[in-house]
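**Q** Build me a structure from this.
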Amino acid sequence: MKNINFSIRANTLTIDRETQFSNPFPTWLNETRWDQMSELIRLPDYRFLRDSFDQFPKDWKEWYATILIRTQKTAMYTSEEAEKAPLPSTIDSLITEFGRMLIIRCLRPDRITHCVLNFVTHNIGSKFVEPPILQLNTILEESNKRSPLIFLLSPGVDPAPKLQQLAEDKMMAKSRYYTLSLGQGQAPRARKLLEAGMKKGHWVFLANCHLSISWLPELDKIVEQLQTAAVHSDFRLWLSSSPTIDFPISILQIGLKITNEPQKGIKANMKRLYELITPEQFQRVKQDEKYRKLLFTLAFIHSIVIERKKFLQLGWNIHYTFNDSDFQVSENLLAIYLDAYDKTPFDALKYLIAIVIYGGHCTDEWDMRLLHTYIDSYIRNEILEVTYYKLSSLAYYYMPRDGTFKLYKDFINSMPTTDHPEAFGQHPNADIASQIQESKTLFDTLLAVLPQKSSATVEKEVENEVAKAASEMLKLMPHQVDIAAVKKYMLIDTSPLSVVLLQEAERYNTLLLNITTALNDLLKSIEGLVVMTVELDELFKCIYEGRLPYAWQRTYQSLKPLPAWFQDLRQRINFFNSWIESQRQPIIYWISAFSYPTAFLTAVLQRTARKDQIGVDQLSWEFEVNKAEDKYLSDTDDGVYVNGLYLEGAGWDRKQGMLFSFVDVETSSCSFCHCLAITNNFK
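**A** All right, here's what the predicted structure looks like:
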C-alpha cells in the first residue's frame with residue numbers, strides 16, 4: 001500500500017535536508033528529484049538502491065541521460081528511451097515493473113506518462129490507452145424524451161457538427177432539428193422552440209447554457225415539467241455548457257452527461273477529424289485526387305496547430321482555441337475552390353486559411369508568422385506531385401499514396417501514438433517541460449479521486465507525519481528581517497534600491513508571520529486544542545501531499561513543492577539579511593530573491609536617471625551575459641549584475657558567449673547578466 005501511495009504522491013515531508021541521505025549526484029540530479037528519491041529509498045523494497053548509487057554512479061548518469069536516440073539513416077526513434085532502457089547493474093532483476101515505474105517517477109518525471117502507458121498496456125490492455133471516439137448514435141439509443149442530453153464543453157471541441165451529422169442520419173435535419181446559441185435576449189426564442197419541440201417531436205439543441213445563467217432556473221422548471229407532461233416520443237433536448245456552479249443540479253441528475261475532451265496527439269486528432277467526414281463528402285469534388293490529398297494535409301495542419309499548445313510557452317505565445325469549425329470551413333473552402341478552378345489556387349487557399357480562418361484567432365505577430373510557415377510548408381504543389389511527400393523530418397509523417405477513404409483512415413491508424421517534438425519542427429528538449437506538466441496533471445488527477453476516508457490507525461500516522469513536518473518548519477523558520485536595521489541602512493544608501501530593500505523586507509516579514517501563525521494553529525488543531533477550520537484543513541492536506549498552500553503564494557508565485565519552496569524561502573531571507581549586514585549594495589544581485597523583480601529593475605532605472613539627470617522614460621535596457629567569472633567583478637554604477645536566470649531547453653557557453661544545445665535538460669543556469677540602463681539615443 002505504501003508503494004501505491006508513493007506512486008501517486010511521490011511526496012516528501014523532509015524539511016531539513018540534513019536528516020536525509022546526501023545526494024550522490026549533485027552535478028546532474030536536482031534537489032527536488034533527490035528529495036523524492038531519498039523517500040523512495042526509505043521504503044523497505046528499495047533500500048538496496050542506495051548501495052547501487054554508490055557502486056555504479058557512472059551507469060546511473062548514463063541511464064539518466066538516455067533520451068530519444070536516433071539512427072542517422074532513418075531518423076527513427078529507437079526503444080532506448082528512459083522508460084525502456086535497462087536500469088544499471090542488476091536492478092531490473094530485483095524490482096517489478098511497478099517498482100521500475102517508481103524509480104522513473106522520481107528521477108525522470110518527464111518520461112513517467114510513457115511509463116504509465118506501457119504499464120497499462122501490458123497489464124490491462126491497449127484499449128485502455130486509446131482515446132475513445134464519441135459515438136452519439138449509441139448515446140441516442142440510451143436516451144429518452146424526458147432526459148436532456150448535456151454536453152460538457154472542453155476548449156477547442158464543438159459538439160455541434162457531430163450532432164448536425166447525427167440529425168441528418170436520423171432524417172431530423174431539414175425541419176425537425178433546431179439549434180440556438182443562448183445569450184442575451186434569446187430566452188423567448190428558446191422557450192418557443194421547446195414548446196413546439198415537445199408537441200411535434202423536434203430535436204432542440206440549446207448551446208452555451210453558461211452564457212444565459214439568469215434563464216437557467218426557468219430551464220430547470222421546463223425540464224421538471226418534462227417528467228409529467230405529454231411529450232412527443234421523438235422529442236430530444238440537447239444542451240451544451242462549460243462547467244459552471246450555476247448550472248442546475250437537478251438537470252445534471254436527470255440528464256445524460258457527455259464530454260468530448262480534445263484528443264491528444266496528431267494521430268488521435270486526425271482520426272477524430274476523419275470521423276467528421278462522410279464517405280459521400282470524400283467523393284464530392286470533381287478533382288477528387290487533389291481534394292483527398294489536400295484534405296489529408298488540412299487535417300495534419302489542424303492537428304499540428306492544436307497539439308502545439310502542449311509545448312506551453314515554446315508552442316504559442318498566446319493560448320488559442322482552434323476548433324473543429326476551423327477545419328470544416330477550410331474543408332468547404334477547399335472543395336469550392338477545386339470545383340471552381342482547374343488549376344489549384346494555392347495563393348488564395350493559403351491566404352484564406354492562414355489569414356482569415358486560423359489567423360483570425362492569432363493576435364501575436366510571432367504566432368502569425370509561425371502559422372504562415374506551417375501553411376506555406378504544407379499547402380503547396382509538391383503535396384500533389386511528389387510521391388510520399390515528407391511532412392516532417394521524421395520518417396513516419398508523409399503523404400500516403402492516394403486511394404479510398406478507408407485507405408486514408410488505415411494510414412492514420414498506423415501513425416505513432418506518441419508525438420515527438422520534431423513532428424512540429426521543434427528541438428527534442430522542447431518536450432521536456434510539457435511532459436513534466438503532463439505527468440503532474442496525471443498524478444494530481446489521481447490524487448483528487450482517491451478516497452479521503454481511511455482507518456483510525458492510518459489517520460493517526462498521517463497526523464504524526466504532518467505534525468512532525470510542521471514542527472520542523474517552525475524550528476527552521478528564519479527570523480524576520482530587522483526593519484530597524486534596514487531603515488538605519490537607508491540613511492547610508494539613499495538610492496532607490498534601498499527603498500526596494502525595505503519593501504521586500506516588509507513583504508517577507510508579513511509572509512513569515514502568516515506561515516508561523518498558521519503552523520502553530522495547525523499543531524494546536526492536531527492536538528485538539530483549537531477547531532480545525534477549512535483553512536487549517538487545507539494546510540494539513542498541503543503539508544501531507546508536499547504541495548505549496550495557495551495562501552502562502554500571495555507574496556510571490558512558485559511551482560516548487562513545499563519542501564523545496566521552504567528551502568528557497570530561507571535562502572531568499574539570507575540574501576536580504578546579508579545585504580543589510582554588509583551595509584553596502586551587493587556586487588551581484590540574486591534576482592530570484594525578489595518577490596517583485598519589476599520594482600527592483602525600475603529602481604535601477606531611477607538610479608541611472610538621477611545620476612545622468614534625465615527622465616526615466618528616456619532610458620531603456622541593454623543586457624549582456626558576462627564571460628568573466630564572478631570573483632573578478634567589482635561595483636558598478638552602470639546598471640547591475642544579476643544571477644538566478646535560467647535557460648529553458650538550452651545552455652550558455654560562457655567562453656564563446658553563445659547558446660548551445662543541451663540534451664535532456666529542462667532548464668540550465670545562465671551565467672550572470674549585466675543589466676545596463678542606457679539612453680534611447682544610444683540604443
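
**Q** And for A467, nearest residue in space, chain neighbours not counted?
**A** Excluding the flanking residues, the one nearest A467 by Cβ to Cβ, 6 or more residues apart in numbering is I526, at 5.1 Å. All C-beta spots, glycine's among them, are computed from the backbone N, C-alpha and C.

**Q** Give the full set of residues in contact with the one you found.
**A** Shown in contact with I526 (Cβ atoms under 8 Å, 6 or more residues apart in numbering): 463, 466-467, 540.

**Q** at 10 Å what do you get?
**A** Listed by Cβ atoms under 10 Å, 6 or more residues apart in numbering, the contact set of I526 reads 463-464, 466-467, 470, 532, 536, 540.

**Q** want to try CSV for those, with pLDDT as columns?
**A** Output for these, formatted as CSV (pLDDT from 0 to 100):
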residue, pLDDT
E463, 89
N464, 89
V466, 90
A467, 92
A470, 93
M532, 90
L536, 93
F540, 93
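
**Q** Now, these that are in helices?
**A** 463-464, 466-467, 470, 536, 540 (DSSP state H).

**Q** Now do the SS call for W652.
**A** When classified by DSSP: H, G, I helix; E, B strand; the rest coil, W652 comes out as strand.

**Q** Double-check it against V625; I have them as touching.
**A** Yes - the criterion here is Cβ atoms under 10 Å, and W652 meets it with V625 at 6.3 Å.

**Q** shared neighbours of these two, anything?
**A** Contact criterion Cβ under 10 Å, 6+ apart; residues shared by W652 and V625: 645, 658-659, 670-671, 673.

**Q** Present those residues as CSV; the columns should include distance to I8 and neighbour count.
**A** Shown next, in CSV, are these (distance: Cβ to Cβ, whole Å; neighbours: other Cβ atoms under 10 Å):
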residue, distance to I8, neighbour count
L645, 34, 16
M658, 43, 9
L659, 38, 14
C670, 35, 18
S671, 39, 17
C673, 40, 20
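
**Q** By pLDDT, give me the weakest of the residues you listed.
**A** Comparing pLDDT over the shared contacts of W652 and V625, the lowest score belongs to S671 (75).

**Q** List phi and psi for that one.
**A** Per-residue torsions, S671: phi -60, psi 160 (degrees, to the nearest 10).

**Q** sorry, back to before: please flag which of the shared contacts of W652 and V625 sit within helices.
**A** Per DSSP H, those never map to helices.

**Q** from these, which two are the most distant?
**A** For these, the farthest-apart pair by Cβ to Cβ is L645 and M658; their separation is 15.7 Å.

**Q** Domain map for the chain?
**A** 2-129, 136-259, 266-416, 452-583, 586-683 (automatic domain parsing).

**Q** Show the average pLDDT along the third one.
**A** When pLDDT is averaged over domain 266-416, the result is 91.

**Q** which helices and strands does whichever strand or helix holds N3 pack with?
**A** Using DSSP states H and E, N3 sits within helix 2-9. Applying 3 or more Cβ pairs under 10 Å, 6 or more residues apart in numbering; DSSP states H and E, one finds that helix 2-9 contacts helix 31-42, helix 97-107, helix 430-449, helix 534-545.

**Q** Using CSV, list the CA coordinates for the helix or strand harbouring S250.
**A** Per DSSP H and E, S250 falls inside helix 249-254. Output of helix 249-254 as CSV, limited to C-alpha atoms (Å, rounded to 0.1, in the frame of the first residue of the first chain):
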residue,chain,number,x,y,z
ILE,A,249,-28.1,20.3,-10.2
SER,A,250,-31.5,18.7,-10.9
ILE,A,251,-30.9,18.9,-14.7
LEU,A,252,-27.5,17.2,-14.2
GLN,A,253,-29.1,14.5,-12.1
ILE,A,254,-31.8,13.8,-14.7
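
**Q** ok, back up a step: let me have the contacts of I526 in TSV, adding distance to T510 and neighbour count as columns.
**A** Below are the contacts of I526 laid out as TSV (distance: Cβ to Cβ, whole Å; neighbours: other Cβ under 10 Å):
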residue	distance to T510	neighbour count
E463	29	15
N464	30	11
V466	24	21
A467	25	18
A470	20	22
M532	24	15
L536	19	19
F540	22	20
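
**Q** Out of those residues, which two are the most distant from each other?
**A** The span of the contacts of I526, defined through Cβ to Cβ, is set by N464 and L536 at 16.6 Å.

**Q** show me what contacts the residue nearest to E218 when sequence neighbours are not counted?
**A** Nearest residue to E218 in three dimensions, chain neighbours excluded: A187, at 7.1 Å (Cβ to Cβ, 6+ apart). Residues near A187 by Cβ under 10 Å, 6+ apart: 212, 214-215, 218-219.

**Q** So which residue is dead centre in this structure?
**A** Q437 (5.1 Å; Cα atoms, centre = their mean).

**Q** so what's that residue up against?
**A** Listed by Cβ under 10 Å, 6+ apart, the contact partners of Q437 are 109-110, 310-312, 559.

**Q** Okay, strands next: where are they in the stretch 501-650 of the chain?
**A** Using DSSP state E, counting those that start in this stretch, the strands of the stretch 501-650 of the chain run over 588-590, 619-625, 640-643, 646-648.

**Q** Please consider this matter closed, and thank you.
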